[in-house]
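Engineer: fold the following, please.
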Amino acid sequence: HRQARKAWSQDEQFENTDAGASKTEKVDSNRLKNGSLVMVKGNPCKVTEVTTAKPGKHGSAKVILKGRDILTAKVYECTYHAGDMVDAPLTKRVEYTLLNIDDCTLELLDQNGEVKSDVNLPEEEHLKDVANKIKEIFEAGKKECLVTVLSCMGKELCTEVREGSDM
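Structural biologist: Residues are numbered from 1 along each chain as shown. Alright, predicted model coming up:
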């Protein structure tokens, strides 16, 4: 009996593969507030409004959320049970120096001197101002053009721009 169990455990192999690093983390719905990031209907959103409904005859209290998609600016609404663990998107913001604009592809330089050329000028309606400002700073050529790239849910989007030091 003991040998059978041992043989079985040798055949059992767990693959410990990190699937490209998880794209979300769990957060307590009670802790969500304006500005929190949360997945709403599969979309990464920044919370714009939080209301709670007291517990009634149908069970626990509810958390009612409105959130704006951080990639598309669409507004979504959803309801969670208070205390539920809900998904929050993992995001990363990195600032790059703009080297060139090739058609609509941005050629960017990171702090380590690596060139990144897989981010486009933002085409989304809510980022039109950012795209125009990037072109304006770049074409003026007087100051560095520093762009911030938001990475979220496997997508990258240029979301902010500012002038850097004189060139």
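Engineer: for the rest of this, base every contact and every neighbour count on C-alpha atoms.
Structural biologist: Fine.
Engineer: and the closest residue to residue 69 other than its chain neighbours, which helix or strand is it part of?
Structural biologist: Closest residue to residue 69 apart from its sequence neighbours, by Cα to Cα, 6 or more residues apart in numbering: residue 45 at 4.1 Å. Using DSSP states H and E, residue 45 sits within strand 43-53.
Engineer: which parts of that strand are buried?
Structural biologist: By 16 or more other Cα atoms under 10 Å, the buried positions in strand 43-53 come out as 43-50.
Engineer: hang on, isn't the residue nearest to residue 69 packed against residue 38?
Structural biologist: Yes. Applying Cα atoms under 8 Å, one finds residue 45 in contact with residue 38, separated by 5.4 Å.
Engineer: ok, so of the buried residues of strand 43-53, who is nearest residue 141?
Structural biologist: residue 46 (34.1 Å; Cα to Cα).
Engineer: how close does the closest residue to the closest one other than its chain neighbours sit to residue 157?
Structural biologist: Of all residues not flanking residue 46 in the chain, residue 37 sits nearest, at 4.6 Å (Cα to Cα, 6+ apart). Here residue 37 is placed at a distance of 16 Å from residue 157 (Cα to Cα, to the nearest Å).
Engineer: mean confidence for the lengthiest helix in the chain?
Structural biologist: The helix that spans the most residues within the chain, counting by DSSP state H, is helix 128-140. Here helix 128-140 scores 95 as its mean pLDDT.
Engineer: any idea how far the helix or strand immediately after it in the chain is from the chain center?
Structural biologist: The helix or strand immediately downstream of helix 128-140 is strand 143-152, counting by DSSP H and E. Relative to its parent chain, strand 143-152 has a centroid offset of 14 Å by Cα atoms, centre = their mean, to the nearest Å.
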